[in-house]
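A.B. asks: missing the sequence, but the structure's below:
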């Protein structure tokens, strides 16, 4: 009986382990050299698209190469948003991001943390939107580095980038291009369990509960 219990419990543990998600990089071009950077202001915003692979993923964070000109203590608010892809190129807002640290000086890797949970669907395009909001005292810009070339790593891919001249209110299709994408890395918990995996996990939990009951009755 002990041998059977051990085998049954081991199978349950394996089922649970199989369903555990691992942190992974969906797509990144942070290792690529910088070509230059775009100066973003309250009116001039930028967006970079990325597309998932054939699996669903829970978004953990996005690292972006960001910097600023000299900060003068004004009321500037840096903006980072994730948008769906829609008929107007950039679609609905999915979540905003908080900044793990504030950009300062030359562009460095800044972690953007989603303020709400987002599951990235398989084979789907999303947009990271960056810009500023500020009052009359503003005298700086947010710099977003872009790569010298289109190479990237990871199972996902980078696509077009674009600009808005009215603070993200509208995005003209004529401003979208594909060479030299903005530098970023999309970090995910990969993959999101499929329904069959979830069922396997449930069976594993039930098996563990059953073994505990058998142990108590012996």
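C.D. replies: Received, thanks. Everything numeric in this text was worked out from a predicted model, so none of it was measured.
A.B. asks: need the strands for this protein, in chain order.
C.D. replies: Along the chain, counting by DSSP state E, strands occupy 22-28, 34-40, 45-51, 57-68, 77-86, 89-99, 108-114, 119-120, 125-133, 142-147, 157-164, 184-190.
A.B. asks: Distance to residue 173 for the ones you listed - can I get that in JSON lines?
C.D. replies: Bear in mind the C-beta positions are built from the backbone N, C-alpha and C, glycine included. Shown next, in JSON lines, are those (distance: least, CB to CB, whole Å):
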{"stretch": "strand 22-28", "distance to residue 173": "23"}
{"stretch": "strand 34-40", "distance to residue 173": "18"}
{"stretch": "strand 45-51", "distance to residue 173": "12"}
{"stretch": "strand 57-68", "distance to residue 173": "24"}
{"stretch": "strand 77-86", "distance to residue 173": "12"}
{"stretch": "strand 89-99", "distance to residue 173": "6"}
{"stretch": "strand 108-114", "distance to residue 173": "26"}
{"stretch": "strand 119-120", "distance to residue 173": "24"}
{"stretch": "strand 125-133", "distance to residue 173": "13"}
{"stretch": "strand 142-147", "distance to residue 173": "19"}
{"stretch": "strand 157-164", "distance to residue 173": "8"}
{"stretch": "strand 184-190", "distance to residue 173": "22"}
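A.B. asks: Go through those and name the closest to residue 175.
C.D. replies: strand 157-164 (4.7 Å; CB to CB).
A.B. asks: for that closest one, packing partners?
C.D. replies: strand 45-51, strand 89-99 (3 or more CB pairs under 8 Å, 6 or more residues apart in numbering; DSSP states H and E).
A.B. asks: and residue 125, which of these is closest to it?
C.D. replies: strand 45-51 (4.7 Å).
A.B. asks: My read is that residue 69 contacts residue 141, right?
C.D. replies: Yes - at 5.3 Å, residue 69 counts as touching residue 141 under the criterion of CB atoms under 8 Å.
A.B. asks: which neighbours do these two share?
C.D. replies: Any residue near both residue 69 and residue 141 by CB atoms under 8 Å, 6 or more residues apart in numbering counts here, and that gives residue 39.
A.B. asks: Which of these two has more residues huddled nearby?
C.D. replies: Ranked by neighbour count (other CB atoms under 10 Å), residue 69 and residue 141 place residue 141 first, with 18 against 13.
A.B. asks: got the contact list for the more buried one?
C.D. replies: 39-41, 68-69, 132.
A.B. asks: Can you tell me which of the residues you listed comes closest to residue 122?
C.D. replies: Closest approach to residue 122 among the contacts of residue 141 (CB to CB): residue 40, at 30.7 Å.
A.B. asks: Adding mean pLDDT, write the helices and strands packed on strand 157-164 out as a markdown table.
C.D. replies: Formatted as a markdown table, the helices and strands packed on strand 157-164 follow (pLDDT from 0 to 100):
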| stretch | mean pLDDT |
| --- | --- |
| strand 45-51 | 97 |
| strand 89-99 | 95 |
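A.B. asks: Excluding sequence neighbours, find me the nearest residue to residue 40.
C.D. replies: Closest residue to residue 40 in three dimensions, ignoring its sequence neighbours and counting by CB to CB, 6 or more residues apart in numbering: residue 142, at 4.4 Å.
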